[in-house]
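> Need coordinates for the following:
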Amino acid sequence: MSGRVSIREKSIVIIGFMGVGKTTVGELVAKKLYRTFIDIDRVIEEKFDGPIVKVFDQIGEQAFRKLEKEVIMDICTQRLKVISLGGGAFLQDEIRKITLENCIVIFLDITWKLWKERLNIIIDSRPVLQGLTMEEIEDLFNRRQGIYTNHHSRLETDHLNANEIADYIVDSLKLSYELYDPN
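Predicted coordinates for the structure are as follows:
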């Protein structure tokens, strides 16, 4: 064995800004591909027996990012998973590097205009947004867009529902399997 992982066995990592639908889409993709779904935030919540907002408050952002990195570094080297990363995880160079080397990284992109329509639904569960003005949130959104440019595939999600996004991802993956790993 050369240690090379077939493209068919590589885990799929879904990235994007908070609230874009990574968890919902990831669960659908995992189901359609008969894979295990892992939401990194849920893994951390289980470790701390509480919601991310509480964990964030208890240990602070720096310790949270360190823990997040440890969890991701372990999980993304596993095969046949669909993994949803927290919106800020890709800020860390080590996470970008290991996921891009070991997984298929898919960026779910959304415009600011459509994302801000979701803000009222998600704001209470996103610790990074707590206490920010709308201008500060928009600045954060725009700054984060730059970190998501490192990916294997990008999908604009503005006018698609979760099932359409998942179907597109699955169809694209199946095509790439045939093109790059036909066995």
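> Dump the single longest helix found in the chain to PDB, restricted to CA.
Counting by DSSP state H, the longest helix found in the chain is helix 52-75. Provided in PDB are the C-alpha atoms of helix 52-75 (Å, rounded to 0.1, in the frame of the first residue of the first chain):
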ATOM      1  CA  ILE A  52     -21.100  26.400  21.800                       C
ATOM      2  CA  VAL A  53     -22.000  29.900  23.200                       C
ATOM      3  CA  LYS A  54     -21.500  28.500  26.800                       C
ATOM      4  CA  VAL A  55     -18.200  26.700  25.900                       C
ATOM      5  CA  PHE A  56     -17.000  29.900  24.200                       C
ATOM      6  CA  ASP A  57     -17.900  31.900  27.400                       C
ATOM      7  CA  GLN A  58     -16.300  29.400  29.700                       C
ATOM      8  CA  ILE A  59     -12.900  28.900  28.000                       C
ATOM      9  CA  GLY A  60     -12.600  32.000  25.700                       C
ATOM     10  CA  GLU A  61     -12.000  32.200  22.000                       C
ATOM     11  CA  GLN A  62      -8.300  31.300  22.100                       C
ATOM     12  CA  ALA A  63      -8.800  28.100  24.100                       C
ATOM     13  CA  PHE A  64     -11.900  27.300  22.000                       C
ATOM     14  CA  ARG A  65      -9.800  27.600  18.700                       C
ATOM     15  CA  LYS A  66      -7.100  25.400  20.200                       C
ATOM     16  CA  LEU A  67      -9.700  22.700  21.100                       C
ATOM     17  CA  GLU A  68     -11.400  23.100  17.700                       C
ATOM     18  CA  LYS A  69      -8.100  22.500  16.000                       C
ATOM     19  CA  GLU A  70      -7.300  19.400  18.000                       C
ATOM     20  CA  VAL A  71     -10.700  17.900  17.200                       C
ATOM     21  CA  ILE A  72     -10.500  18.700  13.500                       C
ATOM     22  CA  MET A  73      -6.900  17.500  13.100                       C
ATOM     23  CA  ASP A  74      -8.000  14.100  14.500                       C
ATOM     24  CA  ILE A  75     -11.300  13.700  12.600                       C
END
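> So which elements touch it?
helix 40-48, strand 81-84, helix 93-102 (3 or more Cβ pairs under 8 Å, 6 or more residues apart in numbering; DSSP states H and E). All C-beta spots, glycine's among them, are computed from the backbone N, C-alpha and C.
> for the protein, where's the lowest mean pLDDT among helices and strands?
helix 119-122 (a mean of 76; mean pLDDT, DSSP states H and E).
> For it, enumerate the helices and strands it packs against.
Taking 3+ Cβ pairs under 8 Å, 6+ apart as contact, there are no helices or strands that helix 119-122 lies on.
> That's all I had, so thanks and see you.
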